[in-house]
Each structure stands twice: as structure tokens, then as C-alpha cells.
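S.K.: Mind folding the following:
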Amino acid sequence: MNTISDTWLFKKAANIKCRYPIAISDCYSISLAILQESPVFFLPDVELSKEIVNKINRVYNAKVHIV
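M.R.: Numbers count the residues shown, from 1 in each chain. Purely as a prediction, here's the structure:
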């Protein structure tokens, strides 16, 4: 079992939320995926545009995908 620092997760999610106008739940999903170095998949959403996804992937070295 892996344990993670909740402080790291909170800070990363908050940082993403402050930079991009997306849902806080999406921010937590993205930050957890960054921590685990795994991809995260979202259904198409007006809030989560391709431009925002590309910026998040570039800035945070994330693997966010819209399916």
C-alpha cells in the first residue's frame, strides 16, 4: 500500500485550481495522476478545453487526455 502526503496533494490541486478555471475535483484527479505518474482520462467538457489540457500537460508534465 502506498501512502501519500495529503499536504502535497492539497497544494498541487490548489495550484492547478488557481491557474485554471476547472472543477476542484478535476484538479485533485490531475494532481493524483501527477503524483502516481499515470495518465488521467476525462470525457469532453466545456470547462476542460483542449487548450487548458495542453497547458496543464506542459506546465505540470502531466498526462491528461480527453476521450
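
S.K.: mind listing the helices for this protein?
M.R.: Along the chain, the segments classed as helices by DSSP state H run 6-19, 24-36, 50-60.

S.K.: Could you check how far the residue nearest the centre of the chain is from Tyr20?
M.R.: Nearest to the mean C-alpha position of the chain, counting by C-alpha atoms, centre = their mean, stands Ile30 at 2.1 Å. Distance, Ile30 to Tyr20, by C-beta to C-beta, to the nearest Å: 9 Å. Heads up, the C-betas are built off the backbone N, CA and C, glycines and all.

S.K.: now Tyr28
M.R.: Applying C-beta to C-beta, the value for Tyr28 to Tyr20 is 13 Å.

S.K.: Kindly report the same for Val64.
M.R.: Per C-beta to C-beta, Val64 is found 11 Å from Tyr20.

S.K.: shared neighbours, the two?
M.R.: Listed as contacting both Val64 and Tyr20 by C-beta atoms under 8 Å, 6 or more residues apart in numbering are Ile56.

S.K.: right, and Tyr20 touches Val53 too?
M.R.: No - contact criterion C-beta atoms under 8 Å: Tyr20 and Val53 do not qualify, at 9.5 Å.

S.K.: follow-up on the earlier one: what touches both of Ile30 and Tyr20?
M.R.: Ile56.

S.K.: Counting neighbours, what do you get for the spatially closest residue to Tyr28 that is not a sequence neighbour?
M.R.: Excluding the flanking residues, the one nearest Tyr28 by C-beta to C-beta, 6 or more residues apart in numbering is Ala13, at 4.7 Å. Neighbours of Ala13 under the rule other C-beta atoms under 10 Å: 20.
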